[in-house]
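Visitor: Dropping the sequence and predicted coords here.
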Amino acid sequence: MLSKPPRPLPGDILPTYRLKAARYAVIRNTSLFERPMLDALDRAAPGRDLLDLGCGTGRPLAQDLRRRGFRITGVDGAAEMLAHYRRNVPGAVRVHRDMRGLALGRCFDAVLAWDSFFHLDPVAQSRMFAVFAAHTRPGGVLVFSSGPARDEAYGAVDGAPVYHASHDPLCYRTMLTRAGFRVLRFRPNDPALTRHSWWLCRRV
């Protein structure tokens with residue numbers, strides 16, 4: 001009998017992306033299906049300074065945001081991903097750091113954590129709202145993707161299993177309120193974004 005492969009753990013995320021960075025740069029969907037989210041962020045942001053958490057290779061999201069006039073600081077815990085980011089988004093500030101516990105000492109008009117925050121375990125996700133608040137100026141916006149309901153799930157990057165988790169939406173709303181954010185939009189399983197679930201919030 002064949003044994004099942006072990007389930008991926010949250011701690012496997014950065015080693016996996018370090019290992020798969022070159023392949024990810026090739027296979028990542030660049031059709032910009034995320035355009036409705038980017039349009040909403042663009043309209044809501046009060047300025048052009050943007051923090052891209054879990055920025056990956058920068059293609060296509062940071063490239064599109066750059067064309068929209070955003071000044072981008074990209075943060076990623078995988079140096080191999082940032083090497084691609086440097087080539088894809090020349091001139092952007094790059095920070096090689098885990099988003100958990102991040103403390104850059106400055107605030108931004110927009111903070112984006114797209115398809116990155118949801119790789120953290122539920123406890124780490126809960127702690128991230130203080131990080132979001134510390135880097136979003138009053139009136140600024142936060143965009144992040146999550147699951148549509150409380151769950152743990154397992155995906156893959158070029159065949160390598162990866163971990164995903166989500167709180168339930170009410171829990172996210174409570175944590176956002178406590179961190180000083182107002183929810184402008186929550187779209188669970190958004191059909192316009194290949195059924196991604198995502199949030200647009202404003203720091204108040």
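Guide: Sure, I can see it.

Visitor: Now do the contacts for Leu61.
Guide: Shown in contact with Leu61 (C-beta atoms under 8 Å, 6 or more residues apart in numbering): Glu34, Leu38, Asp52, Leu112, Trp114. All C-beta atoms are positioned from the backbone trio N, CA, C, and that covers glycine.

Visitor: how about the strands in this protein?
Guide: According to DSSP state E, the chain carries its strands in the segments 49-53, 71-76, 93-96, 108-113, 136-146, 151-157, 160-166, 181-190, 196-203.

Visitor: Not counting the fourth one itself, show me its contacts.
Guide: The contact list for strand 108-113 (C-beta under 8 Å, 6+ apart) reads 41, 44-54, 61, 65, 70, 73, 99, 128, 132, 135-137, 140-145.

Visitor: Could you do the shortest one as well?
Guide: Applying C-beta under 8 Å, 6+ apart, the external contacts of strand 93-96 come out as Cys55, Ile72, Thr73, Gly74, Val75, Asp76, Gly77, Ala79, Leu82, Tyr85, Arg86, Leu104.

Visitor: go again using 6 Å as the cut-off
Guide: Around strand 93-96, the neighbours that count as contacts under C-beta atoms under 6 Å, 6 or more residues apart in numbering are Thr73, Gly74, Val75, Ala79, Leu82, Tyr85.

Visitor: in the protein, which ranges drop under the pLDDT threshold?
Guide: Applying pLDDT under 70 to the chain picks out residues 1-5.

Visitor: ok so, going back, can you lay out the strands of the chain as CSV showing mean neighbour count and distance to Arg23?
Guide: Compiled in CSV, the strands of the chain are given as follows (neighbours: other C-beta atoms under 10 Å; distance: least, C-beta to C-beta, whole Å):
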stretch, mean neighbour count, distance to Arg23
strand 49-53, 25, 21
strand 71-76, 23, 16
strand 93-96, 16, 20
strand 108-113, 25, 23
strand 136-146, 21, 22
strand 151-157, 13, 8
strand 160-166, 19, 9
strand 181-190, 16, 27
strand 196-203, 22, 22
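
Visitor: Looking at these, spot the one closest to Val123.
Guide: strand 160-166 (9.5 Å; C-beta to C-beta).
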